[in-house]
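Q: Turn this into a structure:
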Amino acid sequence: PLALDTLLPKVDCINNFTDNNVVNNLDTVLIKANEAGVTVFGSEEEQVRKGCVAAENIDYFELGKETGKIAARILNGEEAGKIPVSVITSSTPVANEEALKNFQITVPAEYADTITYLEAE
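A: Below is the predicted model of the structure:
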């Protein structure tokens with residue numbers, strides 16, 4: 001909470017990239033950010049359900065498949081440090097309708113049909 005008190009007056013928004021420290025304290029982050037009028041963007045669906053404005057929802061199933069492929073390469077003798085970084089391209093934009101309204105954010109019409117709107121917990 002003290003770090004948020006220092007941070008929030010200096011930022012326009014917060015973006016969480018599945019950081020465990022932030023996820024474990026997301027309720028506190030959201031309460032303090034909402035009080036300060038600062039939007040919080042997440043990185044996956046559950047964070048949006050908790051109150052983040054939106055996220056490009058990571059597909060954990062696809063991430064697991066890709067991780068398994070890399071693990072198999074390592075088990076077959078490839079050196080882990082020489083395997084290039086993989087990027088998961090399958091994702092879904094999600095948004096929290098209540099949070100959008102609270103921050104008076106309107107999704108542009110050209111994107112409205114691509115977003116899945118989630119209800120808050």
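
Q: what about this structure, any weak spots by pLDDT?
A: Scanning the chain for pLDDT under 70 picks out no residues.

Q: Could I get the full set of helices for it?
A: Ranges of helices in the chain, per DSSP state H, are 2-7, 20-24, 26-36, 45-50, 60-75, 97-102, 109-112.

Q: closest to S91 out of those?
A: Closest approach to S91 among those (Cβ to Cβ): helix 60-75, 8.5 Å. For glycine as for every other residue, the C-beta is placed from the backbone atoms N, C-alpha and C.

Q: Residues contacting that closest one, please?
A: E44, A80, I83, S86, I88, S90 (Cβ atoms under 8 Å, 6 or more residues apart in numbering).

Q: Make a PyMOL selection of the buried ones in the residues you listed.
A: Buried residues within the contacts of helix 60-75, by 16 or more other Cβ atoms under 10 Å, are selected in PyMOL with:
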select buried, resi 44
